[in-house]
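1. Next one to model:
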Amino acid sequence: MNILHLKYAVEIANTKSISRAAENLYMGQPNLSRAIKELEETLNITIFNRTPKGITITPEGEEFLQYAKRIVNQVDEVEEMYKSGRKPKQRFSACVPRASYIAYAFAEFASGISTDIPADIFYKETNSSRTINNVVKGEYNLGIVRFQTSFERYFKSVFEEKHLNAEIITDFKYILLMSKEHPLAQKKEIKLKDLSPYIEITHADPYVPSLPLIDVKKEELSKYVDKRIFIFERGSQFHLLQKVKSSFMWVSPIPEDLYKKYGLIEKKCTDNEKIYQDVLIYRNGYKLTDLDSDFITAVCNAKRKYIKETL
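-> Below you'll find the model as predicted:
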């Protein structure tokens, strides 16, 4: 196996055609087919299925191509770097839940990035499913996955199956977030059933491995509430809570300045027993960079600063 064979396989996967890949690679189709056959024989797997309608990628091929694409990209970067004589580029990428304390940690981390060296920094807020897939595929190097502890065994199984390291960052209970002008704002003790007349703001894409979405929603969403606004981004939730006075949201603890900025308050719900975990993940064998370590340190510092005792 050599780098050229990896590049050939990646090009075929990108074009979904051996003939088009051969054109792009400036080589004959028979030579390309022979090279891929040699690669498959060396690895003892089938990467592509050949059909009259073209090629498809096998499950083994999908797994192999995840590694091949990372290697090819890294080789291209090294060649470009040394041929151009430029400084090595700083690179960082993380997929995280929609959590304000993590966003504040990222801002603190980003403020320390050197401006003397080129940098590509990627920060994506999304759900646990996309985070896991992005890290497994090598599209992002770090991930933070959030889940209810009652689902911990499902996630542990996926981490092992996908060859991911997993390290707990924090445990916490969600707090109740609402406008200072909410009808329940002055109520000393709130129970889940007290929320039934009001509108819940919630993220629209909960996920638990191996469980149907309908079952996950039953576990995550309160049976007492039948009015919800589903959103996909963190920023809009604060504007909604500010403007829709009858709305509320369950969130991980947030920085105090957000309360002041949007006129919000947090309330404890006496019968809220669900416990959540935020877990750092990265691929087995991946060596953390200095930037990775700086980000993890910033997250841990933010956790200590913003997440008080909620259990």
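2. just the helices in the stretch 51-200 of the chain please.
-> With DSSP state H, counting those that start in this stretch as the criterion, the stretch 51-200 of the chain has helices at 59-84, 100-110, 128-136, 152-161.
3. what's the domain layout of this protein?
-> 3-84, 90-167+277-306, 174-273 (automatic domain parsing).
4. which of these sits most buried?
-> Highest mean neighbour count of those: domain 90-167+277-306, a mean of 17 (counted as mean count of other C-beta atoms under 10 Å). The C-beta positions use only the backbone N, C-alpha and C, and glycine is treated the same way.
5. Check the average confidence over it, would you?
-> Domain 90-167+277-306 shows a mean pLDDT of 94.
6. Ends of that domain, what's the gap?
-> 29 Å (C-alpha to C-alpha, to the nearest Å).
7. Strands along the stretch 151-300 of the chain, start to end?
-> In the stretch 151-300 of the chain, the strands defined using DSSP state E, counting those that start in this stretch lie at 164-172, 175-179, 199-203, 228-231, 247-251, 264-267, 276-283.
8. if we compare those, which one ends up closest to S128?
-> strand 276-283 (9.2 Å; C-beta to C-beta).
9. CA-only coordinates of that closest one in CSV, if you can.
-> The C-alpha atoms that make up strand 276-283 are tabulated as CSV, following Å, rounded to 0.1, in the frame of the first residue of the first chain:
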residue,chain,number,x,y,z
TYR,A,276,-26.6,14.9,32.5
GLN,A,277,-23.0,14.4,31.6
ASP,A,278,-20.8,16.3,29.2
VAL,A,279,-18.1,13.9,27.9
LEU,A,280,-15.0,14.8,25.9
ILE,A,281,-14.3,12.4,23.0
TYR,A,282,-11.5,12.0,20.4
ARG,A,283,-10.2,9.1,18.3
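10. same for that strand, what does it pack against?
-> Applying 3 or more C-beta pairs under 8 Å, 6 or more residues apart in numbering; DSSP states H and E, one finds that strand 276-283 contacts helix 128-136, strand 142-148, helix 152-161, strand 164-172, helix 290-306.
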